[in-house]
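Peer 1: Quick one: sequence plus predicted model below, questions after.
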Amino acid sequence: MIEDPDDCRLPSLARAALVSLVAQLHAVEERIAELEKRLMAWHRSSEASLRLATIPGVGVITATALVATVGGTAVPLGPTVRRLVGTGAAPAIEWRQGPAWPHLEAR
């Protein structure tokens, strides 16, 4: 409908605007596909990322992000990492009482 100039259901001004938006959408989709291929290739080349992806609930994006953040190939798969990615027991953290930003309190 948008790309067919003979389709009269859409005014020409709207068609012109939408054709531009559709072209941008296709360009973004192509860029995303390209980045996904690069991310998958990097993931497959990283032993740490592959190991992290074996944790239930951890996919390629989370695994590669963790390796990029933590770094190296010595990423442990112990309870700490499992808690970080949300697949293990909740960490034992004592939250301090009081406002998070005391300088923003009403005076």
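Peer 2: Sure thing, it's come through.

Peer 1: quick one: buried residues of the helix or strand containing Thr69?
Peer 2: If you go by DSSP states H and E, Thr69 is part of helix 60-70. For helix 60-70, a neighbour-count test (16 or more other Cβ atoms under 10 Å) marks Val60, Thr62, Ala63, Thr64, Leu66, Val67 as buried. Yep, even glycine has a C-beta here, placed from its N, CA and C like the rest.

Peer 1: how much space between the nearest residue to the fifth one once chain neighbours are set aside and Val67?
Peer 2: Take Leu66 and drop its neighbours on the chain: the residue closest to it by Cβ to Cβ, 6 or more residues apart in numbering is Leu52, 5.6 Å away. Remark: distance between Leu52 and Val67 (Cβ to Cβ, to the nearest Å) = 7 Å.

Peer 1: go on, Ala17?
Peer 2: 42 Å.

Peer 1: Now do the residue nearest to Ser46 when sequence neighbours are not counted, the pLDDT please.
Peer 2: Counting by Cβ to Cβ, 6+ apart, Ser46 lies nearest to Val67, which is 5.7 Å off, once chain neighbours are set aside. For Val67, the pLDDT comes out at 86.

Peer 1: after the longest helix seen in the chain comes which helix or strand?
Peer 2: If you go by DSSP state H, the chain has its longest helix at helix 12-45. Going down the chain from helix 12-45, the next helix or strand is helix 47-52, by DSSP H and E.
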